[in-house]
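Student: Would you be able to build a 3D model of this:
(chains A and B)
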Amino acid sequence: MSYQGTKVNPSKFHTSQLKFYAVLIPLAFFMMLPIVFIISHAFKPIDELFAFPPRFLVQQPTFDNFRDLFVTTSTSGIPFSRFIFNSLLVTVSVMFLSVFISALAAYAMAKMKFKLRKAMFEINTLALMFVPIAVQIPRYLVVDQTGLLDTYFAHILPLLAMPIGLFLLKQFIDQVPEELKEAAIMDGASEFTVFRKVIVPVIKPALATVAILAFQAVWNNIETSNYYVNDESLKTLSFFMSSVASGSGNTIAGQGMSAAASLLMFVPNLVIFILLQSKVMNTMAHSGLK
Amino acid sequence: MKTRRWNEAYLFLTPYILMFGTFIIIPVLVAAALSLTYFNTVEAPVWIGFKNYIDLLTHDEIFMQNVLPNTIKFALIVGPGGYIISFLLAWMLAQIPSKPRTVLALIIYSPSMTMGVAMSVVWTIIFSGDQAGYINSLLLNLGLINAPIQWLQSPEYLMTIMIIVSLWSSMGVGFLAMLAGVLNIDQTIYEAGYIDGIQNRFQEIIYITIPSMKPQMLFGAVMAVVTTFQAGEIGVQLSGGNPTPQYAGQLIVNHIADYGLIRYEMGYASAISVVLLIGVYMLSKLSWKLFGEKE
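Tutor: Okay, the predicted model is just below:
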């Protein structure tokens, strides 16, 4: 058998890689189909949406579905733009705040000495396994008792603590040499200055990764709208989406609109990930659990 | 000097601890406490000891006959299945050059971004029950079926569709971590391995790749367990209601929502939550046993 070891992460194409392409390309093609479908479906005019036999790809693309989506309001009279506004407000708040508080805590856990450091990191690692949906009822009670029901805070606060975010940031900050911090302390910098001027610039890839994870957690979230908010005008786009999808998925006007809304939900996910993907891979290299 | 730093660390940690405590620790403790009570949200909780747990194990026919077998089946296929597929794909992606790898990895990862929710509309259209549904139309044309099938409303097919959709979207964070893990293995370890008599790529995976990226394998395994249980809403999303048709797609998280948020039996629902949390914890510990570094 010939020597094969150097083939991992090859720099150029070689015929021996064909077998991997032979598996990966068809598979990627199949995985892409539903996404291609939603894009195509969102642009279909009404006669194509219900054509028989159904056609997978759009023939004469139109923006009708998107126009309908913006013009039509939900059953209770809330305009679609209101849901977009709510989602943007909630998403930006959660992304910014959760990255900020996770980074602060991760810095303390990686570069500062205190008694409970080891115990706290272990509790956080344990919480990686936490399944929020399992305690949806006590969470509801907490939100109720703290008076957050029917406010924007009900969308934001429950999502801020992301154990995986703290975990990834801490692993990443661990890689920053101790000397960088010590040199800054020598120059009279406070811990917060070290954090802001020394650490934050070098952990940007990890910050971007946690921001993406936060984005995905909040943008796609429907629990907060379902359980913590009764006021329709405070609900988010993802909730509106899922109610359009389950309520009117098969009615004539509903199907095109829900396809268009799905696309609007999906595209920001994709764009953000494409923009930041190299940073994500860089962070994931330090994701190991020991 | 030392005390000053000691204090400051907690200052850095406070916002996180506050949120972590309020929305993770307290709910878990409240669930544990409520699970020992009868609580209908109107009257104050009444202490009833372990009655909820006993009822769950002895009286809840739906739990024993539908929910538990469904959850075990779903978790066993989607958890390890998604995990193994993630690893194999990550490994294969590592064998091709960087540019095509990035494109393919993005395509494979993209379904997981949708978390099943935004995409449930796609699946409801594709699996639509009339003859204009895409799958029905395709199968009718091929002559494989004679009449359209109510895919999402029929107990026979719902679970299979849930599993397919979940597997489709299971290449998430764990997949990316494993991809980074394979790529970061030191090349010289492979060279040494071949000198030591490794014969083929299968041996290479077993003796070099997996042992060298154990931390990422473990991270991926924990993520697989968590996302499997998080995906529990999928059956309700696809069929459009809780409970799912004849409880065919009823998973443990739906059972919790059914009792807690529809019947308002919060004490009983909390007992189910505690059982679920213990289950997730034990599965994660099992992953730790398999991949954790022995000290």
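Student: In the stretch 101-250 of chain B, which residue sits closest to chain A?
Tutor: B:P215 (2.3 Å; Cβ to the nearest Cβ). Yep, even glycine has a C-beta here, placed from its N, CA and C like the rest.
Student: how would you label that residue: helix, strand or coil?
Tutor: Using DSSP: H, G, I helix; E, B strand; the rest coil, the structure places B:P215 in helix.
Student: so how far is B:V280 from the residue nearest to it when sequence neighbours are not counted?
Tutor: Residue nearest to B:P215 in three dimensions, not counting chain neighbours: A:G288, with 2.3 Å by Cβ to Cβ, 6 or more residues apart in numbering or on different chains. Look at A:G288 and B:V280: by Cβ to Cβ, to the nearest Å, they are 21 Å apart.
Student: go on, A:L104?
Tutor: 28 Å.
Student: and if you look at A:T209?
Tutor: A:T209 is 24 Å from B:V280, where distance means Cβ to Cβ.
Student: for A:K113, same thing?
Tutor: 33 Å.
Student: Which of these two has more residues huddled nearby?
Tutor: A count of neighbours by other Cβ atoms under 10 Å in any protein chain shown puts B:V280 above the other of A:K113 and B:V280, at 21 against 10.
Student: Which of the helices or strands spans the more buried one?
Tutor: Per DSSP states H and E, B:V280 falls inside helix B:266-291.
Student: Stretch A:223-238 and chain B, any residue contact?
Tutor: Yes. Remark: stretch A:223-238 sits within contact range of chain B at A:227, A:238, by Cβ under 8 Å from any Cβ of the partner chain.
Student: That stretch: which residues count as buried?
Tutor: For stretch A:223-238, the neighbour count (16 or more other Cβ atoms under 10 Å in any protein chain shown) marks A:223-229, A:232, A:234-238 as buried.
Student: Off-centre distance for it?
Tutor: Stretch A:223-238 has its C-alpha centroid displaced from the chain centroid by 18 Å (Cα atoms, centre = their mean, to the nearest Å).
Student: and what of stretch B:141-150?
Tutor: Distance, centroid of stretch B:141-150 to centroid of chain: 32 Å (Cα atoms, centre = their mean).
Student: so A:F43 touches A:P61, yeah?
Tutor: Yes. If you go by Cβ atoms under 8 Å, A:F43 and A:P61 touch, sitting 3.9 Å apart.
Student: neighbour count winner among those two?
Tutor: A:F43 (21 against 14).
Student: what about the helices in the stretch 101-250 of chain B?
Tutor: Under the criterion DSSP state H, counting those that start in this stretch, the stretch 101-250 of chain B contains helices at B:120-126, B:134-142, B:155-168, B:173-183, B:187-195, B:201-204, B:210-212, B:214-230, B:234-239.
Student: how far is the longest one from where the chain is centred?
Tutor: When distances are taken as Cα atoms, centre = their mean, helix B:214-230 is centred 8 Å away from the chain's centroid.
Student: The third one too?
Tutor: When distances are taken as Cα atoms, centre = their mean, helix B:155-168 is centred 14 Å away from the chain's centroid.
Student: same thing with the second one?
Tutor: Centroid displacement of helix B:134-142 relative to its chain, using Cα atoms, centre = their mean, is 31 Å.
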